[in-house]
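Asks: one predicted model, sequence on top.
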Amino acid sequence: GLKVPGDICEFGVAQGATSKLLASEIMSLTERNFWLFDSFEGLPAPSKEDRLIHDIFKLGTMDKYQGTMASPETEVLGKLASVNFPRQRIKVKKGWVKDAIKSGELPEQVAFAYVDFDFYDPIKDALAFLDTRMPAGGRIVVDDYGFFSEGAQLAVDQFVAAAGDR
């Protein structure tokens, strides 16, 4: 179990498969809130740091991925309802992460975060936000490290280097 205070966050929920898994794992173990950060508009425009490693949809160039992987908010909420996760513990932060982390209700502390934003800029933004909210002993899992876009690994490597011994 999680031994540090804070809520659970998922950054990049897509269709909600990982959300459903996380919700079913934490539902009976804790009363923590489950925060879902997503644009629900698909991937943003890639930055210069995002170079294609694996052309997963065979689109040819990274630019063509903008807007792909979009899923409606209702789809993920339906998956969470299917495992009877309490709706009052779900906090949806809709929008691009750089904006979502600056306004409205936000988790005070984060014990665990799953980051699946694929691209450099949103991963960098999510990690910077988590750095201000995560107590020692908290955990972050970043999907796509070394896969799809070079930007995911670059953002993580830069974050880890800057964190030093923390």
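Replies: Ah, there it is.

Asks: could you find the closest non-adjacent residue to residue 145?
Replies: residue 153 (5.1 Å; CB to CB, 6 or more residues apart in numbering). C-beta coordinates here come from the backbone N, C-alpha and C atoms, glycine included.

Asks: for whichever helix or strand that neighbour is part of, list every residue counted as buried.
Replies: Using DSSP states H and E, the element containing residue 153 is helix 150-163. For helix 150-163, the buried set under the neighbour-count rule, 16 or more other CB atoms under 10 Å, comprises 150-156, 159.

Asks: mean confidence score for it?
Replies: For helix 150-163, the mean per-residue pLDDT is 93.

Asks: just the pLDDT at residue 60, thanks.
Replies: pLDDT, residue 60: 88.

Asks: the residue lying farthest from the centre of the chain sits in which helix or strand?
Replies: No residue in the chain sits farther from the centre than residue 60, which is 25.4 Å out by CA atoms, centre = their mean. Using DSSP H and E, residue 60 maps to neither a helix nor a strand.

Asks: now do the contacts for it.
Replies: If you count contacts by CB atoms under 8 Å, 6 or more residues apart in numbering, residue 60 has none.

Asks: just residue 151 next, same as before
Replies: 46-47, 49-51, 118-121, 123.

Asks: now residue 7: how far from residue 153?
Replies: Going from residue 7 to residue 153 by CB to CB, to the nearest Å gives 27 Å.

Asks: next: residue 120.
Replies: 9 Å.
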